[in-house]
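Undergrad: Sequence plus the predicted model coming up.
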Amino acid sequence: MNLKKYLVRALHRLQKGPGYTYKELLVWYCDNTNTHGPKRIIKEGPKKKLIWFFLTLLFASLVFWQWGILINTYLSYNVTSSLSIGFKTMKFPAVTICNANPFKYSEVKPLLKELDRLIEAALERILQPTPGNSSENLSQPLDLELWNQIPLVLIDEHDKDNPVILDIFETNQTAVGNETALGNETIKKYKLAVKLCSHQGSDNCTYRNFSSAAQAVTEWYILQSTSILSKVPLHERIRMGYQAEDMILACLYGAEPCNYKNFTQIYHPDHGNCYIFNWGMDEEALNSSNPGAEFGLKLILDISQQDYIPYLSSAAGARLMLHQQKSFPFLKDQGIYAMAGTETSIGVLVDELERMGYPYSDCTMNGSDVPVKNLYSQYNTSYSIQACLRSCFQNHMVEICGCGHYMFPLPEGVTYCNNQDNPGWAYCYSSLRSSIKQRQICIDSCKETCNDTQYKMTISMADWPSEASEDWIFHILSYERDMSTNVTLDRNGIIKLNIYFQEYNYRTISESAATTIVWLLSSLGGQFGFWMGGSVLCLIEFGEIIIDSLWITIINVIGWCKGLKQRRARARYPDAPPTVSELVEAHTNLGFQHEAVGAVPGARALPPEPGTPPPNYDSLRVQPLDGLGPDSDTE
Amino acid sequence: PRRYSAMKEYLSELDKETKKALETFYGFSEGKSKVRRSVDDWNRTGSDFFQQIPLLKVEDFSRTATDLHSGQKRKIEGSVFHKDSSIVNSGDSNDIIGFQLCDANNSSECALYTFSSGVNAIQEWYKLHYMNIMAQIPLETKEKLSYSADDLLLTCFFDGLSCDKRHFTRFHHPLHGNCYTFNSGENGTILSTSTGGSEYGLQVVLYIDEADYNPFLVTSTGAKIIVHDQNEYPFIEDIGTEIETAAATSIGMHFTRSRKLSKPYSDCTETGADIPVENLYNKSYSLQICLHSCFQKAMVDSCGCAQYAQPLPTGAEYCNYKKNPNWMYCYYRLHEKFVKEQLGCQQICKDACSFKEWALTTSIAQWPSTVSEDWMLRVLSWDKGQKLNKKLNKTDLANLMVFYKDLNERFISENPANTLVILLSNFGGQLGLWMSCSVVCVIEIVEVFLIDSLSIVLRRQWQKAKKWWHGRQRGSSGKAPQASDPERQSHERQGHDNPTCIDEDLPTFTTALRLPLPQDSPLPRTPPPNYSTLRLETAFTEQLPDTLELGQH
């Protein structure tokens, strides 16, 4: 009991608020707050009071609505971009040059001999459906084991619902029989497809259809040659590719001569040996401080088209790409072709995009927060989304098929797929590649880089060398390369390249946050001030009132509980001593008010005598008191 | 655009005459075996085409010209339009060739169009007649005359999978004949690619039958492609990219999407619905569509028929010489006006607020390479289903690769720099900073200086009126005021010390002075103090002032 009393007293001491009831509190707040508006509610007459009440309510809701908009704007993390265009001394882009054909045919011929003979025989059969002469052409028996791993089949679609599948070599007789019987006009109904089985000889097979035989042959050849070449060690593959001194005949950077030694060799699975100029790995990157072709990079290349692998790549030319220093060149994505027998001029504009990171946009600064292991880091190159997607694919491939694809770098402790060790790899790869789910996983886990640099190229071409200059140019270049007086070069292999900065060489788009916390605070304050003249202090005042009203609630609840207990006690003892509230009633003289009310009609009856109304001091104010306040007072 | 072999029956007359014209002009005859036909023979056959639009050789600036057809010299009247005015100005006017267009109703009004080169003149002249002829052929026939998807496509490969003609939608272009759109989205599904790179894009080999080209209409060989959005109309003659034969063209794309803010930030249109030009194309709005539609509308209005290169408005038909003999003159006049921005099309049409753009990087490689040429052509011939002895020629083929360079999409959008919210908060910030004021404070000012002062004035007037009324009443009936005197006094007193008086605004010292004092009271007393501490709050809230005052009256 003592404790309770102490507690109640403590509560009262704590609650040094401006009143003991909610109304008092509210009136006090309205009177004393610094927010414009509430003061007028209590200070005005009843009509204006109502108007002011609604006005205040309206402004308060307006403030909250505007605050909602502002906070929403802030949380959307908008950015403003600023664009600048001009010319400045910039790092010359890294230039990667490859031959469209990965290996010299003369070097890889022993490896691909069987394959070439197979495809030639197959084509012979497909194109000339007379059984006699095709078999005569085959001097040696074909290596059908290679064929059976991934066979090409003909699909007969005369009957749409029931296509007949014809193997080109094994069911030779039926195929030929059908074709001759149906004649030439329906020959188009046949389609070539690649048969992919999960295991050799198993029934779990799919047929990859192609609308064109040319496409089918190319795809088949790529699958087969991939399998063969993946067994060859890397240094051997590099040796079989094009060497820098054979390919790069002349080089001039600005006024400085350069040669093939200025190029860094890199082995690219698609294109064999590639050579990168100004990669910036070992030495400082070169700067270019002048626009125009005179100050750019000038190259003369030889792609020796005669030495192309006939079935592997049907397009002839050099593949080149401009990219940032220390980034891996993804030639299939961003590379361009340069045609043989022409001079290709490339004007460069560096298009940079500098993005703010999280939370403004979902990008990554250096790829360290991407959950995919970057396999291209073994080249010591920086992160890019292409590298991430390819690494992601290779990781999946290793996980599902048990071996790595030849086109991508290997994770540690894994070997490349080949037909001997992984007979079902082509099936596995093909199903993985067309799987939408796998792609989606990779796209979701890879992020763009925040700083994206693109090289916008203006490409123009002209015939080179001209008819008149052809002779001497070929002569000199042949002499320089091969030290022979015979002309070893021709129009089908020679390419001239000019790469230079344009008049305006950069266009930078950089982002900055459109909404900062300072902006948010000043806008919030502006709104609050505009509608109600309020500030943070007003908010604190409001919070104070809420705390006060909480105290009042607590006190009321305690009082109510006490009252309940006392009532229960009174019920037990009907002749209980006067309760505290009774005492208080006696003390506070409620009768005064009644008398005053009663006195009004009496006063009216009397001659008019303007009397002074009762003083309106706070202490005298008559309050409907509950049991508690005086209770504690009396005690 | 169309197979020349199939078109021959429609164009044979025109071609014959064109060749003759070439012969008489330049002494050029096609083929060694052909015997030069005499001019008499030609004259006898009667050339419709030359009568319609005579080709002329302008001698010099003296406005005399030789009619090619009859060889007569004639004086040119009316205006002369030079297509290449810069060349004319150079003074070398000996070999200027042009044609004359006359108003059919009023033959004295003629316009002569001259070209610096006969090549341009003959092509333009041929095109006019070609349009005339084509306008008379129904659409189905024209579609049949043009290349089919089977003819055009040899191989197709998209995103690692094979595709065929079913993925292509045909649309008929008036000048280019049948065009095919890959992934037009017309059958509901739009294909998407998830990886950049040439293997994952579209790879097609096109068959271009070079031998079947019309020698006068088109002088370059190849294909034209355009990358566009699914609901965008491809203006292939305006922004198409040319594809070379016997080469692999690789087109890397980079996608940019832009969105502008519409009114009031900039003068662009969201859907084109607010532009008073009817969209004749069945595609979403673009500036190009608007300009073409606008011109076509003007053409129908002033010439009575529609120009062949653009779609038909409802209820109009294409111009042809038989029905509208005057159209060519009209067309040229109108076109000139259009170019000089006199038709108002450029003013009416606004650019679209959002647009998609594909930046293309085009590069060319030799294809097929010398070593693969042999098997490639053989296999492709087999694909085509041709007889094996007829091999395809590599100049009939074009390899095309279209792919995304990277999947980074660039989205450029405008945001308003200042919204209403920002404006208000800046306003509030300034008001608060300098004056510590808010809207409430403004309302208070309005309240005090307008409403309250008005009500004070009104109350004074009311009091005056009341006094005047009472005075009149007293004057009319002498006794009545006497009787009501105590009542009135009590009322006045009440009005004085009744809290209702101070409901609107607290009586200040001066207003209190003005209040009428209770004069008839037996003992003049000082009025009760009017401190606000003395206010009876209970009475104040219970008693409505209006009811009280009304009750007294």
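TA: Done, it's in.

Undergrad: The residue in the stretch 1-150 of chain A that chain B sits nearest to: how many residues sit nearby?
TA: Scanning the stretch 1-150 of chain A for the residue nearest chain B gives A:His36, at 3.5 Å (criterion: CB to the nearest CB). (Glycine included, C-beta is placed from N, CA and C.) Residues contacting A:His36 under the criterion other CB atoms under 10 Å in any protein chain shown number 24.

Undergrad: and it, what is it in contact with?
TA: A:Met532, A:Gly533, A:Gly534, B:Ser438, B:Val440, B:Cys441, B:Glu444 (CB atoms under 8 Å, 6 or more residues apart in numbering or on different chains).

Undergrad: So how do I select the buried members of these in PyMOL?
TA: Selection command for PyMOL covering only the buried members of the contacts of A:His36, criterion 16 or more other CB atoms under 10 Å in any protein chain shown:
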select buried, (chain A and resi 532+533+534) or (chain B and resi 438+440+441+444)
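
Undergrad: helix, strand or coil for B:Tyr126?
TA: In the three-state summary, B:Tyr126 is assigned as helix, counting by DSSP: H, G, I helix; E, B strand; the rest coil.

Undergrad: so it makes contact with B:Leu11?
TA: No - applying CB atoms under 8 Å as the test, B:Tyr126 and B:Leu11 come out as separate, 9.4 Å apart.

Undergrad: Helices along the stretch 351-500 of chain A, start to end?
TA: With DSSP state H, counting those that start in this stretch applied, the stretch 351-500 of chain A shows helices at A:385-401, A:425-433, A:436-445, A:470-482, listed in chain order.

Undergrad: touching chain B at all, stretch A:322-332?
TA: Yes - using CB under 8 Å from any CB of the partner chain, stretch A:322-332 comes into contact with chain B via A:Phe330, A:Lys332.

Undergrad: In that stretch, which residues are buried?
TA: Residues of stretch A:322-332 classed as buried: A:Leu322, A:His323, A:Gln324, A:Gln325, A:Ser327, A:Phe328, A:Pro329, A:Phe330, A:Leu331, A:Lys332 (neighbour count, 16+ other CB under 10 Å).

Undergrad: how about A:Arg319, phi and psi?
TA: Recorded main-chain torsions at A:Arg319 are phi -110, psi 130, according to degrees, to the nearest 10.

Undergrad: Who is the residue of the stretch 151-300 of chain B found nearest chain A paired with across the strands?
TA: Of the stretch 151-300 of chain B, the residue with the smallest distance to chain A, taken as CB to the nearest CB, is B:Thr155 at 3.2 Å. Listed by DSSP bridges, the beta-bridge partners for B:Thr155 are B:Val205.

Undergrad: which residues are in contact with stretch B:422-432?
TA: For stretch B:422-432, the external contacting residues (CB under 8 Å, 6+ apart) are A:66, A:70, A:522-531, A:533, A:535, B:437-438.

Undergrad: where does A:Ile540 sit relative to A:Asn34, distance-wise?
TA: 10 Å (CB to CB, to the nearest Å).

Undergrad: neighbour count winner among those two?
TA: A:Asn34 (14 against 10).
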